[in-house]
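[1] Provided below for reference: sequence and predicted model.
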Amino acid sequence: MDNPLDGLIPDFSFGGSEFTALWQKLITAIWGIAILISIVYLALGLVSMAGASSDSNPNPQQHAQGRKKALWAGVSLAGLAALALIVGAILSFVG
């Protein structure tokens, strides 16, 4: 059986230039909000780690939870920051 999608290329201009500008603004707004959320989670994780490491009341469990939160937020932030590069690499590798 032949591939029915062979030679087809996605075209995102089907709604005209106004629609293209709108969905691009929407995607970049969502991307920017996701970056801000990951920065907030990173800050919360770092503050949690610092609070758990105080000299007056050290708490290893809270420090570990804060570290885990900060680590995941840092990985998420790096992924979001490099999202265009990641998508471009995947598309160039596949296509």
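    Nice, thanks for sending it over. Residues are numbered from 1 along each chain as shown.

[2] so where's this protein shaky on pLDDT?
    Within the chain, no range satisfies pLDDT under 70.

[3] try it again with 90
    Residue ranges of the chain with pLDDT under 90: 1-17, 19-20, 48-64, 66, 91-92, 94-95.

[4] which parts of it are helices?
    Taking DSSP state H to define them, one finds helices in the chain at 16-52, 60-81, 83-94.

[5] so which of the ones you listed is the most surrounded?
    Mean neighbour counts were taken over the helices of the chain using mean count of other CB atoms under 10 Å, and the top value, a mean of 15, falls to helix 60-81. C-betas here are computed from N, CA, C, even on glycine.

[6] check the offset of it from the chain's centre.
    13 Å (CA atoms, centre = their mean, to the nearest Å).

[7] quick one: which of the helices of the chain is nearest Leu8?
    Leu8 sits nearest to helix 83-94 of all those, at 13.7 Å, using CB to CB.

[8] quick check: angle from that closest one to helix 60-81?
    60 degrees (axes from the mean of the first three to the mean of the last three CA atoms, to 10 degrees).

[9] excluding its backbone neighbours, what's nearest Phe12?
    Once flanking residues are discounted, Phe12 sits nearest to Thr20: 6.4 Å by CB to CB, 6 or more residues apart in numbering.

[10] now swap in Gly66 and tell me
    Ser48 (3.0 Å).

[11] show me the contacts for the one residue sitting closest to the centre of the chain.
    Nearest residue to the geometric centre of the chain (CA atoms, centre = their mean): Leu80, 3.0 Å. By CB atoms under 8 Å, 6 or more residues apart in numbering, Leu80 lies in contact with Trp31, Ala34, Ile35, Ser38.

[12] so which of those is the closest to Asp2?
    Nearest to Asp2 among those is Trp31, at 37.2 Å by CB to CB.

[13] state the distance from that closest one to Ile86.
    12 Å (CB to CB, to the nearest Å).

[14] please apply the same query to Ser38.
    15 Å.

[15] now Asp6
    26 Å.

[16] repeat that for Gly32.
    For Gly32 relative to Ile86 (CB to CB), the value is 17 Å.
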